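Asks: next come a sequence and a model predicted from it.
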Amino acid sequence: MTIPAPAISAAETNERQRVARLLAHATKQELQDAWDALAEKPVVKPVRGPETGLVMVRGRIGGGGAPFNLGEATVTRATVLLGSGTAGHAHALGTDKSKVRLAAVFDALWQDEPSRAFVENEILMPVEIRVAADDRRQAEETAATRVDFFTMVRGDD
Amino acid sequence: MYVAVKGGEAAIDNAHRLLADRRRGDRSLPSVTIDQIVEQLALAVDRVMAEASLYDRALAALAVRQSRGDLIEAIFLLRAYRTTLPRFGSTVPVDTGKMNIERRISATYKDLPGGQVLGPTFDYTHRLLDPSLLTDEVVEEASRKEPLAGETTRVSDILATEGLIEADGVLPDDHLAGDLTREPLEFPMTRDLRLQALARGDEGFLLALGYSTQRGYGRNHPFVGEIRIGQVEVEMDVPELGFSVSLGRIQVTECQMVNQFKGSSKAPPQFTRGYGLVFGQSERKAMSMSLVDRALRAEELGEDIKAPAQDEEFVISHSDNVQATGFVEHLKLPHYVDFQAELGLVRKMRADIEGAQDNENASVQDAAE
């Protein structure tokens, strides 16, 4: 069963993409903690999945040329419908179905105005901070291995 | 050809039970966990993902454990698993220019924008066995420094500004990327299909072929323009949403090999390129892939095809280690009827020759008398 794509503005698309990205980067534990902290649990009806399949990862020849198929990755997706009538979608690499189901619930809760602040504060912000901290640590560790190679100058004669 | 045989069920069951026992090994030792394999045998896991052509660290680690560390067996297991899953779609091509860099080096420029970072490399180690790893000594945290700001431009883009290097490989606008998991192999093939085959090709096979090009069998004067390892974001278009969403990140290794080229009837003197892109941290494989990719472009660039590494059908037909192991290993299955037939044939040929010799000896004797 597919739900037709609603027509939405570019700004709204950017927002949905930001939410989807952070929910995909969230760990199972982060999603579970937020769910546990949710005062009023919504009624959740499964529409599709959660189900695991494959996505063909594509690269580009030379880095920026024509696309080619690099290989597949496991991906899990879920679509849920809340009691409010809002549909939530989630996709994430890997095979963790309960994680992706929770992500779909939070995608729907974010779209519902009354619960948006909760999703922003309890999930999206902590995940964004954690991912930024992980990236920062990794960038700093990598930067410590920066080298300067010197070519030895031979004499003029 | 081998024919069906019956029997041996009890022996087979017991052999598998023995396999499980030997896999577990000495019960007084703790068993190795999937997380431990992912964290501490990370490069074995990466090789399995790359050659199984399936990115999933936990499943690759499970395959390594199940195969007792036989990586080709693990690759086979993961390949078999992928056939059980439906495909949801294709990603937007990953942008390696926006990689979160973990390692980036160049052999062509010493001072390149974005700098050179060694990352967690075996290079410059002394290859001496480290007795501290015999025990569980505490390992110190990695050092840290302030990173440089800004994106790290690909070296090929820097070279491109002078016009002395060919552009990234392009194919006609209406060309759809071929997929060898969906269509049978046909030769000659386009470069996109070749790269898919090489990306899942056996590291040892590609290493040997890449090495052969350096030793003069299809020589192509390579320099490592750039190797980069790091995380890239993976995005997929979702029709029901009407936009693409991030699925998370994967780690890849990219190699840009730059090759001096003296020109031919088809192309002017310039630097040409070979490209390697591999799942996980797999530098040797990415380098080998880029050497072989360049060698296989001989036809396109108007070079003479004289060496094995330039022979597309030879390279691509033999690069897949699951196919190769299947055909080599089938030789151990019962070939009793075949062999009996050949045995009869050899006996007959031997009897014919011996009969002819007896006749000859007899006629020589007749003549002498």
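Replies: Yes, it's here. Just so you know, these numbers come straight off a predicted model, no measurement behind them.
Asks: ranges for the strands of the chain?
Replies: The chain I'm using is chain A. A:44-60, A:67-82, A:87-93, A:146-147 (DSSP state E).
Asks: meant chain B actually
Replies: Using DSSP E, the strands of chain B run over B:54-55, B:87-90, B:100-105, B:116-117, B:222-238, B:243-261, B:270-279.
Asks: could the ones you listed go into CSV alongside mean neighbour count?
Replies: Glycine gets a C-beta too; all of them are placed from N, C-alpha and C. Listed next are these as CSV, based on neighbours: other Cβ atoms under 10 Å in any protein chain shown:
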stretch, mean neighbour count
strand B:54-55, 26
strand B:87-90, 16
strand B:100-105, 21
strand B:116-117, 24
strand B:222-238, 21
strand B:243-261, 23
strand B:270-279, 26
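Asks: who are the contact partners of residue B:305?
Replies: Going by Cβ atoms under 8 Å, 6 or more residues apart in numbering or on different chains, residue B:305 touches B:298-299, B:311.
Asks: now which of these would you call buried?
Replies: The neighbour-count test (16 or more other Cβ atoms under 10 Å in any protein chain shown) marks B:298, B:311 as buried among the contacts of residue B:305.
Asks: could the contacts of residue B:305 be laid out in CSV, adding distance to chain A?
Replies: What follows is the contacts of residue B:305, written out as CSV (distance: Cβ to the nearest Cβ, whole Å):
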residue, distance to chain A
B:298, 17
B:299, 16
B:311, 21
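Asks: tell me which of the contacts of residue B:305 fall in helices.
Replies: In this view, those have no member that belongs to helices under DSSP state H.
Asks: ok, back up a step: nearest to residue B:126, of the strands of chain B?
Replies: Taking Cβ to Cβ, strand B:100-105 is the member of the strands of chain B nearest to residue B:126, at 19.3 Å.
Asks: and the contacts of the lowest-mean-pLDDT helix or strand in chain A?
Replies: Taking mean pLDDT, DSSP states H and E as the measure, strand A:146-147 is the helix or strand of chain A with the lowest mean score, a mean of 90. Residues outside strand A:146-147 that contact it (Cβ under 8 Å, 6+ apart): B:115-118, B:145, B:148.
Asks: what's the most distant pair in these?
Replies: Spatially, the most separated pair among the contacts of strand A:146-147 is B:118 and B:148, at 14.6 Å (Cβ to Cβ).
Asks: among those two, which residue is more densely surrounded?
Replies: More crowded of residue B:118 and residue B:148, by other Cβ atoms under 10 Å in any protein chain shown: residue B:118, with 16 against 13.
Asks: from residue B:292, how far out is residue B:214?
Replies: According to Cβ to Cβ, to the nearest Å, residue B:214 stands 11 Å off from residue B:292.
Asks: give me the below-cutoff pLDDT ranges for the chain.
Replies: Just going to use chain A. For chain A, the stretches with pLDDT under 70 are A:1-7, A:151-157.
Asks: my question was about chain B, not that one.
Replies: B:1-4, B:369.
Asks: which helix runs longest in it?
Replies: Scanning chain B for the longest helix, with DSSP H as the assignment, gives helix B:336-368.
Asks: in that helix, what counts as buried?
Replies: Buried, per 16+ other Cβ under 10 Å, within helix B:336-368: nothing.
Asks: count the residues that sit near the closest residue to residue A:27 other than its chain neighbours.
Replies: For residue A:27, ignoring the flanking residues on the chain, the nearest one in space by Cβ to Cβ, 6 or more residues apart in numbering or on different chains is residue A:99 at 7.6 Å. Using other Cβ under 10 Å, residue A:99 is surrounded by 24 other residues.
Asks: re earlier: would you mind giving the strands of chain A as JSON lines with mean neighbour count and distance to residue B:181 added?
Replies: Shown next, in JSON lines, are these (neighbours: other Cβ atoms under 10 Å in any protein chain shown; distance: least, Cβ to Cβ, whole Å):
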{"stretch": "strand A:44-60", "mean neighbour count": "20", "distance to residue B:181": "8"}
{"stretch": "strand A:67-82", "mean neighbour count": "24", "distance to residue B:181": "8"}
{"stretch": "strand A:87-93", "mean neighbour count": "25", "distance to residue B:181": "19"}
{"stretch": "strand A:146-147", "mean neighbour count": "14", "distance to residue B:181": "40"}
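Asks: can I get those strands in TSV with distance to residue B:179?
Replies: Listed next are the strands of chain A as TSV, based on distance: least, Cβ to Cβ, whole Å:
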stretch	distance to residue B:179
strand A:44-60	7
strand A:67-82	5
strand A:87-93	20
strand A:146-147	39
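Asks: of these, which is nearest residue B:170?
Replies: Closest among these, using Cβ to Cβ: strand A:44-60, at 9.8 Å.
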